[in-house]
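**Q** fold the stuff below for me.
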Amino acid sequence: QVQLVESGGGLVQPGGSLRLSCAASGFTLNPYAIGWFRQAPGKEREGVSCLSRTDGMTYYAHSVKGRFTISRDFSENTVYLQMNDLKPEDTAVYYCATRFNWNSWTWYDEKQYDYWGQGTQVTVSS
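**A** Take a look at the predicted model:
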């Protein structure tokens, strides 16, 4: 059974850090680009970061650049999103997703992604 499972969310104070994990089961992540998306209440889902499948290039939304880092552990078949200096506006449900057909120009486009996890809640509040 093909499955993506996110974990690592929680409640953190502004300025704090969290590391989200996206573990794949039933398939290997190697051939896929992996994206992280988030959806805040009342807002559309937005692309946060992506790790390409071809050259390992990383992409970030302007709002998180310099604070978030995406990485992959091939042996664990897992992708991570390290989130530092968290802000209240980072509060959202975070999703990971995979895509096979890669185009860097559309890394942020959720319609290009095939498989999705169930999401993990991140709340940044004092």
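
**Q** can you tell me how far the spatially most central residue of the chain is from A92?
**A** When C-alpha atoms, centre = their mean is applied to the chain, the residue found nearest the centroid is W36 (2.1 Å). Taking C-beta to C-beta, to the nearest Å as the measure, W36 falls 11 Å from A92. C-betas here are computed from N, CA, C, even on glycine.

**Q** any buried residues in the helix or strand hosting the residue nearest to the centre of the chain, and which?
**A** Element membership of W36, judged by DSSP states H and E, is strand 33-39. By 16 or more other C-beta atoms under 10 Å, the buried positions in strand 33-39 come out as 33-38.

**Q** I'd say F100 and P31 touch.
**A** Yes. F100 lies in contact with P31 (C-beta atoms under 8 Å); the separation is 6.4 Å.

**Q** what touches both of those two?
**A** Shared contacts of F100 and P31, defined by C-beta atoms under 8 Å, 6 or more residues apart in numbering, comprise R53.

**Q** what's around C50, how many residues?
**A** 28 (other C-beta atoms under 10 Å).

**Q** same question but for A97, I mixed them up
**A** A97 sits with 23 neighbouring residues when counted by other C-beta under 10 Å.

**Q** ok, it to G47 distance?
**A** Where G47 is concerned, A97 sits at a distance of 9 Å (C-beta to C-beta).

**Q** overlap of the contact sets of the two?
**A** Listed contacts common to A97 and G47 are 35-37, 110; contacts here mean C-beta under 8 Å, 6+ apart.

**Q** which single one of those residues is nearest to G8?
**A** The nearest member of these to G8, counting by C-beta to C-beta, is W36 at 11.4 Å.

**Q** partner residues bridging the closest one?
**A** Judged by DSSP bridges, the bridge partners of W36 are S49, C96.

**Q** please renumber the chain so that the first residue is 450 from this point on.
**A** In the new numbering, first residue 450, that becomes W485.

**Q** ok, it - contacts?
**A** 469, 471, 496-499, 519, 528, 530, 543-546.

**Q** many thanks, I have nothing further to ask.
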